[in-house]
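**Student:** I need the structure of the sequence given here:
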Amino acid sequence: MFRNPCPASRHRCPRLPWTGRLVALCIALAAAPAFAGDAPAGLVFVPYAMKTQSHGTIAAEEAFLEVPRRHSEPDGPRIRLRVVRLPTTGGDGRAAPVVYLAGGPGGSGFGAALGPRWPVFDRVRRETDVLLLDQRGTDFSEMPPECSHTHRFDDARPLQRETALAALRGTAAKCITEWRKGGVDLGAYTSAESADDIDDLRRAMGLPRVSLWGMSYGTHLALATIRRHGPRLERVVLMGTEGPDDTIKLPLAADALLADLAIVAAAQGFEDLQGSVRRVLQALRRHPVEAGSALHGGRKVVFGEYDAQIAIANALGRRSTQQMLPLLFRQAEAGDYSLLAGFVLTMREDLGTFRAMPLAMDIASGQSPGRRARVEAQARDSVFGDALNFPFPELADGLGLTDLGESFRGPLHSDLPVLFISGTLDGRTPPANAQALLPAFSKGQQMVIRGASHDNELWLGNTQIAENIAGFLGGRSINEAVLEVPAPVFITRMGER
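**Tutor:** Next up is the predicted model:
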């Protein structure tokens, strides 16, 4: 799965990887509770001037927490995690502090609050303290070095699935060797270890409980924390839910989203978007094309059906790219492939680069045999084939990285109050993910945001979104189960805003 760029982070955000090889020892560790050990040393917060992108400078506090690199080895090497606290500006003092968990994996909890989403963080801190955690391996929390190996696809040739998979697996293997030679313990980057970090943070602050607030992969981490440390949690908000066995996506979810977008597009004069997609893909299957991209300085690329399937399947997820798709296919049917060429070049560049933390995290989470079989079956019926997940899950096979096993991915039941927030046009974490989990949460609630994708409108498209998040974390019930945001407005010509 591709993780689109995180605009607030100072580092390039990762793409989406998944599965891995079974390691029996790690299965046992994933199933076991965290090592109790001695309580971590108390955190010392110091004043910190947090400069947001457009909301001024916020008076915050900063601290660094040392945690075991492997919680099963409490006396072994340690990792230093950064935490920025937004002190509460209101509330009655009864709500537990909230730990914010960014997506990715690889996103920055701190960076997420610097950009356009700041008003939601500001509203939540009127209820209680907000703790912006940079998870292990991200930003200021000892991020492993960039890999010197990348794969550059030949611009003169269309992407061939098996050849591309072999090349990417080779590049990933070189990166793994390089990281290990540099002393990077890739087995330390799992959601189970990060979940134990959260409990270490709670203990270091002397708190009986904390609440969690996660977005995208952050919800996956929050669910792992519920499994491992549920009694020490108070309330949980999950925005764009990625369940324990949702790391690889269901291909037909992309087809369903395309159908929904086609209805919106038809109302704006773009007729038969689904038919247009099929026709363009069929044409590219017969005859790959060469086109230049203005977004890449006129650079030309030869591409075919599989290039387009990967690029479009992943562009479906976010409003910022959804808005361009009807024009892209209208132009392509008229013989102008320049906009699609830009999508393909961006996709290829992203595919060829690996980062240690996101690669190891997603492979460790993996997928159950049943999930993999379901994904493979759906790929045979999807207009995008298996492109939505490429190059996973096959890329992970044989790389020798940790797999947390079925105890990590299995059914999860909880009596915690949990709020699931889903956007109906979210192609990264569709509402079906939350709906599948909800019956096992006796105090679970779902809030559906009609018209929201996996983008900023899931946060900011309706003022009641922030009110419901803050109220829920403050101990109150949500006001509405369904909210509306404005429908996407599709671009009709390049240069339009």
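**Student:** from here on, just use CA atoms for contacts and neighbour counts.
**Tutor:** Fine.
**Student:** so, low pLDDT: which residues of this structure?
**Tutor:** Within the chain, the stretches with pLDDT under 70 are 1-39, 494-497.
**Student:** could you point out which element follows the helix ranked longest in the chain?
**Tutor:** As assigned by DSSP state H, the longest helix anywhere in the chain is helix 161-181. Once helix 161-181 ends, the next helix or strand along the chain (criterion: DSSP states H and E) is helix 191-204.
**Student:** helices or strands next to that following helix in the packing?
**Tutor:** strand 57-68, helix 217-229, helix 356-365 (3 or more CA pairs under 8 Å, 6 or more residues apart in numbering; DSSP states H and E).
**Student:** please repeat the previous calculation with a cut-off of 10 Å.
**Tutor:** Packing contacts for helix 191-204, counted by 3 or more CA pairs under 10 Å, 6 or more residues apart in numbering; DSSP states H and E, involve helix 24-31, strand 57-68, strand 78-86, strand 98-101, strand 130-133, strand 210-215, helix 217-229, helix 356-365.
**Student:** now distance to residue 277 and mean neighbour count too, for these, in a markdown table please.
**Tutor:** Shown next, in a markdown table, are the helices and strands packed on helix 191-204 (distance: least, CA to CA, whole Å; neighbours: other CA atoms under 10 Å):
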| stretch | distance to residue 277 | mean neighbour count |
| --- | --- | --- |
| helix 24-31 | 42 | 16 |
| strand 57-68 | 46 | 18 |
| strand 78-86 | 45 | 21 |
| strand 98-101 | 36 | 27 |
| strand 130-133 | 41 | 26 |
| strand 210-215 | 30 | 24 |
| helix 217-229 | 29 | 25 |
| helix 356-365 | 30 | 28 |
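**Student:** pipe the ones you listed into TSV and attach distance to residue 113 per row.
**Tutor:** Formatted as TSV, these follow (distance: least, CA to CA, whole Å):
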stretch	distance to residue 113
helix 24-31	30
strand 57-68	11
strand 78-86	10
strand 98-101	10
strand 130-133	8
strand 210-215	12
helix 217-229	14
helix 356-365	20
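**Student:** ok, residue 217 - contacts?
**Tutor:** By CA atoms under 10 Å, 6 or more residues apart in numbering, residue 217 lies in contact with 3, 101-107, 191, 223, 238-243, 246-247, 362, 429.
**Student:** skipping adjacent residues, who's closest to it in space?
**Tutor:** residue 103 (4.3 Å; CA to CA, 6 or more residues apart in numbering).
**Student:** and the one you found, its phi and psi?
**Tutor:** Main-chain torsions, residue 103, degrees, to the nearest 10: phi -90, psi -160.
**Student:** hey, where'd the strands end up in the protein?
**Tutor:** Assigned by DSSP state E, the chain shows strands spanning 46-51, 57-68, 78-86, 98-101, 130-133, 210-215, 233-239, 289-293, 299-303, 414-423, 441-450, 482-484.
**Student:** so which of the ones you listed is nearest residue 166?
**Tutor:** Closest to residue 166 of the strands of the chain is strand 299-303 (CA to CA; 18.3 Å).
**Student:** which other helices and strands contact the closest one?
**Tutor:** strand 289-293, helix 338-351.
**Student:** quick one: residue 256 and residue 384 touch, right?
**Tutor:** No. Using CA atoms under 10 Å, residue 256 is not in contact with residue 384; the gap is 11.5 Å.
**Student:** what's next to the longest helix of the chain, contact-wise?
**Tutor:** Contacts of helix 161-181 (CA under 10 Å, 6+ apart): 144-153, 159, 182, 184-186, 306-307, 351-356, 359-360, 386-387, 390-392, 394-401.
**Student:** stretch 260-279 now?
**Tutor:** Contacts of stretch 260-279 (CA under 10 Å, 6+ apart): 254-256, 258-259, 281-282, 284-285, 308-309, 312, 316, 322-323, 325-330, 332-333, 383-384, 424-425, 451, 487-492.
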